[in-house]
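J.: I'll drop the sequence and a predicted model, then ask my questions.
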Amino acid sequence: MGKGDDVLVVDDDPGARALLRRCLSEDGFRVREAETEEQALAIAADSDLGLITLDIHLEGGSGFDMARKLRGLTPAPIIIVSAGDDVVDRIVGLELGADDYITKPFHTRELMARVHCILRRAQRPSAAPGPAAARDGPGCTVLRFDGMAAIPDQFELFDRNGKLCDLTTGDFKLLNAFLRHPRRILSRERLMDLVGGQTWTPLDRTIDNQVARLRKKIEKNPHSPRLIKTVRGVGYLLACSVEWDEETDAEAG
């Protein structure tokens, strides 16, 4: 998707819709708006959308139910934009297939940065499948591990058969944190910091849920993981080597 493609803004707050419309239209996107589930589903069913922003706290309905329905109608990436900063809401939203979650009030530059990040990840290479097809020039780093290949600049992961994996932005950020610190024990607090999450507390299960979801996508047997190992009472560790296509040092610390 490039500038000029349709973005659906779903929010029952006229002020929030106006702000999102201004941010997106000033950056060249065509903005369509919906304030009810009925309107949103009708637009999604009849349009070739490039992106959806969705407020999950809609009056008279459940944004989570709508997210599930939208995901069944369109492959367009979904960014949840909500006034709620509850950890459970974040987890449920991401598990329903949302690609990102941003809380109100938000900085417009952060919103647009996330939009462009999501859209870069959603782009698919037009050549034959595999990481070589996705590389668009020098300086594109490919991280190879256990027969798979990750391209951080494009938020893409190719599986052991060379097919593009369906990872959300949150999934890829977590994977990238492990790939840049292979064979090192990472605490939940450290992982939360690396993926840019909120402050971690001992009872917070966000990272545990994200790890469980990532295992389903990269482990040969998620019920007996051998790539992402649990270090009881401490955190997690990526138990394999990682090869870098270019001479780029892994993040220190």
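T.: Sure thing, it's come through. Residues are numbered from 1 along each chain as shown.

J.: List the contacts of K104.
T.: Counting by Cβ atoms under 8 Å, 6 or more residues apart in numbering, K104 touches A16, V81, S82, A83. Where C-beta positions appear, they are placed from N, C-alpha and C, glycine not excepted.

J.: and the helix or strand hosting the first one, which residues are buried?
T.: The one in question is A16. Assigned by DSSP states H and E, A16 falls within helix 14-26. Using 16 or more other Cβ atoms under 10 Å as the test for burial, helix 14-26 gives A16, R17, L19, L20, R21, C23, L24.

J.: correct me, but the first one touches L54?
T.: The one in question is A16. No: assessed by Cβ atoms under 8 Å, A16 is found out of contact with L54, at 11.3 Å.

J.: Can you check which residues contact both of the two?
T.: Residues touching both A16 and L54 (Cβ under 8 Å, 6+ apart) are V81.

J.: can you map out the strands along this protein?
T.: With DSSP state E as the criterion, the chain has strands at 6-10, 30-34, 51-54, 78-82, 100-103, 143-145, 148-151, 156-158, 185-187, 228-231, 235-238, 243-244.

J.: Would you reformat those strands as CSV and include distance to A42 and mean pLDDT?
T.: Output for the strands of the chain, formatted as CSV (distance: least, Cβ to Cβ, whole Å; pLDDT from 0 to 100):
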stretch, distance to A42, mean pLDDT
strand 6-10, 11, 93
strand 30-34, 8, 94
strand 51-54, 13, 92
strand 78-82, 17, 87
strand 100-103, 24, 83
strand 143-145, 42, 92
strand 148-151, 36, 90
strand 156-158, 32, 90
strand 185-187, 45, 91
strand 228-231, 41, 94
strand 235-238, 43, 94
strand 243-244, 47, 88
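
J.: hmm, back to that, need the contacts of K104 in JSON lines with distance to P225, can you?
T.: Shown next, in JSON lines, are the contacts of K104 (distance: Cβ to Cβ, whole Å):
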{"residue": "A16", "distance to P225": "40"}
{"residue": "V81", "distance to P225": "33"}
{"residue": "S82", "distance to P225": "31"}
{"residue": "A83", "distance to P225": "36"}
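
J.: Who wins on neighbours among the residues you listed?
T.: V81 (25 neighbours; other Cβ atoms under 10 Å).
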